[in-house]
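Engineer: Show me how the following folds:
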Amino acid sequence: MKLIHRIKQNLHLDDIRLRNKFFMMYILCVFIPIILTNVIFYNLMSSNVQEQRMVDIKLSLDQVHLELERMIEAAVSVSWVFYTDYTLYSMLDAHYSNPADFVEAYDNYMRRVINSYTPVYTSVQNIKIYVDNPMVLHSGGVAFLSNKVRDTDWYKTLDLRTPSEAIFVKAYKEDSISFGRTEQFKDTFNIIRVMDYFDSLGTWDKVLKIELKTEAFDVILGNLNIPGSVYLVDPDGIIQYTTNRNINWREEQLAIDSLHTGSHTVVFEGEHYDMLPLQGWNIVAHVPESQIMHEAPEVRQYVLWIAITNILLATIIIVIISRSVTKRLGFLLRQMKRVKNGNFDIVNNRDALDEIGQVTSEFNRMTLQISSLINDVYVADIKEKNMELEHRYAQLNALQSQINPHFLFNALETIRMRSMMKNETETAKIIHNMAKIFRSSLTWKRDKVKLKEEVDFIVCFLEIQKYRFADRLDYSIELDPEAERCLVPKMIYLPFVENACIHGVEKVKQGGKVTISLKLIEDQLHFHIHDNGAGMNEEQVQRIYSYLEETKDLGERIGMQNVIYRLKLFYEDQFTFTVQSEQGVGTSIHLIIPVNH
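Structural biologist: The predicted structure follows:
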């Protein structure tokens, strides 16, 4: 504790050179705040840029979601035209006596109907109706519903749905089936549906298949505002289309969850489609984190230039101002040292209007006056004035030693009365407690006082500390009524109370508690004090116990050393003193002295 006190004394702010003070002020008030401010500003801007970029990507993903929905809705609308065409049903279910009759019906109506939508809907690649009517010839837009067609995957999906629903599936190219070619992968998307709207017209099965252009998916899913890979995922979580060239989505069935995105990839997932035929499908985007933060270097450079500009500007201003102060003060200090050595030349600098300029002017005036006094009066009367001055100082010190304490006590009483008149009861109460403590400290003619007086003295001290610590300090005192008239050495318990408050509770942020108990047990007065403050380590406790072994006079010092020394003077070895303390828990002190009524 002594070492820490010495270090604090050596680090007094008044002992630091003015130039170093300016440097400390620059570091603490300019450099560090600017750095911290720009770091926080950079983090905020980076976060805002990242959030905005993620919002933009999400909007782009929503746009892709909407465009795909519109394209499928357009294809479904085309399917509804065929699905509800009564004339088309009649022709497909008709009985033709010879092929020429079908060709005539096809040329008169079917060709125009089937081929009229492909140029209008640019996303439609091909429209074909499959029918198992053996009298219908294979021609453009019409094909025989053979067993080979029935064995395809896309046809089998019709058995899993309500026949009248439109279904969105991925299938082989149309020309691969028509001309018997075998493809190793599926690369087209189709809208298929069973044509049963006028089921009563015939018994032939009819299926409509609208093939969509793969290029249309390339345009929609390849949105340039999404700087990553886009995946079209079916309800089972299988990737059916992607812009990622490293994935062979045509030949393999890969689950979207099986992809290893890594910690530097951000996954954007749109809402699942809730409309037929896309119900359950979803669009997912994997965007590298570097693409989201690609504007971060620009933000960092912008913040860095701001920080450099602020630091340079502040540095230049502080250097100019500090030199204006330190340079002139240094010159004035050197001039004072010359006066000390007998050189009474005045400072010839410009008469500045600031405080340093005023000090310089007063220094010049003082130098001239000192020079005049030395030359005219001081040399002749120095011995006589020294003796007279020393005599007056002795009288003044003697007078002040008597007047100052009573003057301070009277001043405190005056302030208390003024506070009472202004209804400042809390301030008046604290000043009253201070006055009682001060008045008690002035009267040392009595070595011992009644325990009740000592407790009142402790209460005054605790009330002042409670005013100081506010809600951080609470205390309780338990006084045995039978012990109130016991005589105890004056101020024998206060140092323990002071240590509990200053060294214990002061280091606790909240909930500080000091508990005091005074009981008379078999002609012995038991004093017990406990605090829940910072506590002491074993070395500090042993140092306190070492005071019991010391025999030298401790002078006017107060504290535990002084209390133990006074206890030994009054009671020799007839008292008991124990200390229990634990760091972070608190300290308990138990003192037992003989009763002296």
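Engineer: And the strand or helix carrying Gln561, what does it pack against?
Structural biologist: Gln561 is located in helix 560-571, with elements delineated by DSSP states H and E. If contacts are counted by 3 or more C-beta pairs under 8 Å, 6 or more residues apart in numbering; DSSP states H and E, helix 560-571 sits against strand 487-489, helix 494-499, strand 586-594. For the C-beta atoms, the positions are set from N, CA and C on the backbone; glycine is no exception.
Engineer: so which of those comes closest to Thr243?
Structural biologist: strand 586-594 (68.2 Å; C-beta to C-beta).
Engineer: Show me what counts as buried in that closest one.
Structural biologist: Neighbour counts over strand 586-594 (16 or more other C-beta atoms under 10 Å) mark 586-589, 591-593 as buried.
Engineer: Check stretch 63-71 too.
Structural biologist: Within stretch 63-71, the residues scored as buried using 16+ other C-beta under 10 Å are 64-65, 68-69, 71.
Engineer: and after the host helix or strand of Ala74, which helix or strand comes next?
Structural biologist: According to DSSP H and E, Ala74 maps onto helix 32-83. Note on helix 32-83: by DSSP H and E, the next helix or strand toward the C-terminus is helix 86-93.
Engineer: That following helix to helix 32-83, inter-axis angle?
Structural biologist: If you take axes from the mean of the first three to the mean of the last three C-alpha atoms, to 10 degrees, helix 86-93 sits at 60 degrees to helix 32-83.
Engineer: wait, what's in contact with the closest residue to Asp523 other than its chain neighbours?
Structural biologist: Nearest non-adjacent residue to Asp523, counting by C-beta to C-beta, 6 or more residues apart in numbering: Val595, 4.8 Å away. Contacts for Val595 (C-beta atoms under 8 Å, 6 or more residues apart in numbering) come out as 483, 486, 520, 523-525.
Engineer: sorry, back to before: nearest to Ser60, of the helices and strands packed on helix 560-571?
Structural biologist: With C-beta to C-beta, the closest approach to Ser60 among the helices and strands packed on helix 560-571 belongs to strand 586-594: 62.9 Å.
Engineer: those helices in the stretch 201-350 of the chain, which residues are they?
Structural biologist: 214-221, 289-292, 296-340 (DSSP state H, counting those that start in this stretch).
Engineer: in which helix or strand would I find Phe577?
Structural biologist: Using DSSP H and E, Phe577 sits within strand 576-582.
Engineer: what's that strand packed up against?
Structural biologist: So strand 576-582, by 3+ C-beta pairs under 8 Å, 6+ apart, packs with helix 538-546, strand 586-594.
Engineer: Which strands border that strand, and is each parallel or antiparallel?
Structural biologist: Taking DSSP bridges as the criterion, strand 576-582 forms sheet pairs with strand 586-594 (antiparallel).
Engineer: hmm, who's touching the strand it pairs with?
Structural biologist: Contacts of strand 586-594 (C-beta under 8 Å, 6+ apart): 488, 493, 496, 499-500, 504, 523-533, 535-536, 567, 570-571, 574-581.
Engineer: quick one: which of the buried residues of stretch 63-71 is nearest to Tyr241?
Structural biologist: Leu68 (9.8 Å).
Engineer: Quickly note the distance from the closest one to Trp281.
Structural biologist: 9 Å (C-beta to C-beta, to the nearest Å).
Engineer: Could you name every residue contacting both of these two?
Structural biologist: Common neighbours of Leu68 and Trp281, using C-beta under 8 Å, 6+ apart, are Leu232.
Engineer: Output the buried residues of stretch 63-71 as CSV; include the columns pLDDT and distance to Ile226.
Structural biologist: Output for those, formatted as CSV (pLDDT from 0 to 100; distance: C-beta to C-beta, whole Å):
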residue, pLDDT, distance to Ile226
Val64, 85, 7
His65, 86, 11
Leu68, 84, 13
Glu69, 85, 17
Met71, 85, 17
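Engineer: who wins for proximity to Ile16 among the helices and strands packed on helix 560-571?
Structural biologist: Of all these, it is helix 494-499 that lies closest to Ile16, at 31.1 Å by C-beta to C-beta.
Engineer: now what about that closest one, what contacts it?
Structural biologist: The contact list for helix 494-499, computed with C-beta under 8 Å, 6+ apart, reads 454, 457-458, 461-462, 514, 516, 527, 529, 558-560, 562-563, 587, 589, 591.
Engineer: Now Met91. Nearest residue, chain neighbours left out?
Structural biologist: Ala105 (5.0 Å).
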